[in-house]
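Participant: What follows is a predicted structure for the sequence shown.
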Amino acid sequence: MCFCQYSESCHRPTRRSRRSGNPGVLANRRGMEYADSAMKRQLSRYLLLLSVMAPTLIAARAQTNTLLVPSEVENTFGNSDADPFFNIHTSIEQIYPPSHFAVASADLITITEVAFRADESWDGIFDAVIGRVQLQMNVFRGPMADMVRNQSGVEAPVTTVFDRENVRVSGRAGELDSFTVRFPLQTPFNYDRRAGQLVLAIHTSGTDAGDLFSVDAQANSSHERGVYILLEPLGQRRVRSQALATEFSYTAISAAIDGVRRRTNTIEIDFSTRGNPRGIWIEGSATANGIYNYDPSAQMVALGPDKMRAIIPMTSKDRFFRVRLDIP
């Protein structure tokens, strides 16, 4: 994040962030709230896009659409396998640590699909029907050690992201890019890697048919690389240091500065957005670390698809500005 103060004589930023990477949308499960100057509590759902005099320092970078985790399985099959769909366990939990999402294009991503690949030991083509599949997601805000001790990572609020009967899955085993066991989420899930571990619960029931294959996975010596929890038929649980080879499809709400100019009586800020934010508005503050409030004097003009211009009167007392993107 970068701030600079607008003035007629100063053309340099007064403060540059030391935080590397792409400025992202910051989220908090309790809603929108601001952090103090020490950043001791989580920030709210906004994207710091700009300061009036130095837009190029904080322009958002291009997004990628997929992320394969864990990193150990990017160029080779994992050293293990798992059976989350066809065995006697009616439920499993796969816990992904935030470190798996470090290469995502933003801190907050909206997961739209999850996909798995068959274990390479399966011979050739597979085709199966799963009686019923229900996927749920939540964030576990404690450390992995707490989850292992509790033998569960389920923590409210929990979102059912997929729930269908007679789900057909098919594909070819033995190919690294064959992530054909796909589940497009009926309810996309907003995941903020700063909030904690991502928990994916897979519940299956009903009658299965066809090739009852297993999926690729990576076993690890440490729980910090992923935890796989199986619920036994009699209620007992088993905890493994393991992560399913998973391909996440996601979008990221972001923006980029296209231009900043001073007119006779106004400041104009052109920017582009990605990810369909629910709302866009300008906030201003008299100081970089001050309280940012909605600026009612700012006018928003649509320039084209996903392109906007904010027009701010020079009479405004604010000297620091940001664009706030509200997340659905």
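Facilitator: Okay, I see it.
Participant: pLDDT weak spots in the stretch 151-300 of the chain?
Facilitator: Where the stretch 151-300 of the chain drops to pLDDT under 70, the residues are 276.
Participant: For it, which segments count as strands?
Facilitator: Listed in chain order, the strands of the stretch 151-300 of the chain (DSSP state E, counting those that start in this stretch) span 159-172, 181-192, 197-205, 209-210, 215-219, 227-231, 237-240, 242-244, 246-251, 254-262, 266-274, 279-285, 293-294, 299-304.
Participant: List the contacts of the third one.
Facilitator: This means strand 197-205. Residues from elsewhere that reach strand 197-205, judged by CB atoms under 8 Å, 6 or more residues apart in numbering: 84-86, 90-98, 100-101, 114, 130-141, 144, 147, 153-155, 158, 191, 246. Every C-beta, even on glycine, is put in place using the N, C-alpha and C of the backbone.
Participant: one more time with 6 Å, if that's ok
Facilitator: Outside of strand 197-205, the residues within contact range by CB atoms under 6 Å, 6 or more residues apart in numbering are 84-85, 91-97, 131-138, 140, 153, 191.
Participant: Could you list the paired strands of it along with their orientation?
Facilitator: Strand 197-205 has its sheet partners listed here by DSSP bridges as strand 91-96 (antiparallel), strand 125-140 (antiparallel).
Participant: Just say which of these is most tucked in.
Facilitator: Mean neighbours per residue, mean count of other CB atoms under 10 Å, is largest over the strands paired with strand 197-205 for strand 91-96, with a mean of 23.
Participant: And the very next helix or strand once past that strand, what does it pack against?
Facilitator: For strand 91-96, the following helix or strand on the C-terminal side (DSSP states H and E) is strand 108-116. Here strand 108-116 touches strand 181-192, strand 246-251, going by 3 or more CB pairs under 6 Å, 6 or more residues apart in numbering; DSSP states H and E.
Participant: quick one: buried residues of the first one?
Facilitator: What that stands for is strand 181-192. 181, 183, 185, 188-192 (16 or more other CB atoms under 10 Å).
Participant: just stretch 144-153 next, same as before
Facilitator: Across stretch 144-153, burial judged by 16+ other CB under 10 Å covers 144, 147-148, 152-153.
Participant: just stretch 74-86 next, same as before
Facilitator: Judged by neighbour count (16+ other CB under 10 Å), stretch 74-86 contains these buried residues: 77-78, 80-86.
Participant: and what of stretch 288-299?
Facilitator: Here stretch 288-299 shows 288, 292, 295, 298 as buried, counting by 16+ other CB under 10 Å.
Participant: I figured the first one was touching Phe321, is that so?
Facilitator: Right, Ala288. No. Applying CB atoms under 6 Å as the test, Ala288 and Phe321 come out as separate, 10.7 Å apart.
Participant: contacting residues around Asp83?
Facilitator: Ser214.
Participant: before we move on, back to that, distance to Arg274 for the helices and strands packed on strand 108-116 - can I get that in CSV?
Facilitator: Formatted as CSV, those follow (distance: least, CB to CB, whole Å):
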stretch, distance to Arg274
strand 181-192, 15
strand 246-251, 8
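Participant: Which of those sits closest to Ala219?
Facilitator: Comparing these against Ala219 with CB to CB, the closest turns out to be strand 246-251 (14.6 Å).
Participant: Any idea how many residues pack against His203?
Facilitator: 18 (other CB atoms under 10 Å).
Participant: ok, back up a step: cross the buried residues of stretch 74-86 against strands and list the overlap.
Facilitator: 80-82 (DSSP state E).
Participant: From these, pick the one nearest Gln236.
Facilitator: Taking CB to CB as the measure, Gln236 lies nearest Ala82 of these, at 17.6 Å.
Participant: Turn the buried residues of stretch 288-299 into CSV, columns for distance to Asp306.
Facilitator: Shown next, in CSV, are the buried residues of stretch 288-299 (distance: CB to CB, whole Å):
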residue, distance to Asp306
Ala288, 28
Tyr292, 23
Asp295, 22
Ala298, 19
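Participant: Can you give me the domain assignment for the protein?
Facilitator: Listed by automatic domain parsing, the domain ranges of the chain are 2-63+254-326, 66-251.
Participant: tell me the most buried of those?
Facilitator: domain 66-251 (a mean of 18).
Participant: okay, how far is it across that domain, tip to tip?
Facilitator: By CA to CA, to the nearest Å, the extent of domain 66-251 from end to end equals 9 Å.
Participant: what does stretch 133-153 give?
Facilitator: 19 Å.
Participant: So what's the gap between that stretch and the chain middle?
Facilitator: Put simply, stretch 133-153 sits 17 Å off its chain's centre (CA atoms, centre = their mean, to the nearest Å).
Participant: Name the residues that touch it?
Facilitator: Applying CB under 6 Å, 6+ apart, the contact partners of stretch 133-153 are 93, 95, 155, 158-163, 167, 183, 189, 195-197, 199-204, 223-224, 237, 239.
Participant: what residue is smack in the middle of this protein?
Facilitator: Geometric centre of the chain, nearest residue: Ile109, 2.2 Å, by CA atoms, centre = their mean.
Participant: I'd say that one and Phe248 touch.
Facilitator: No. Assessed by CB under 6 Å, Ile109 is found out of contact with Phe248, at 7.9 Å.
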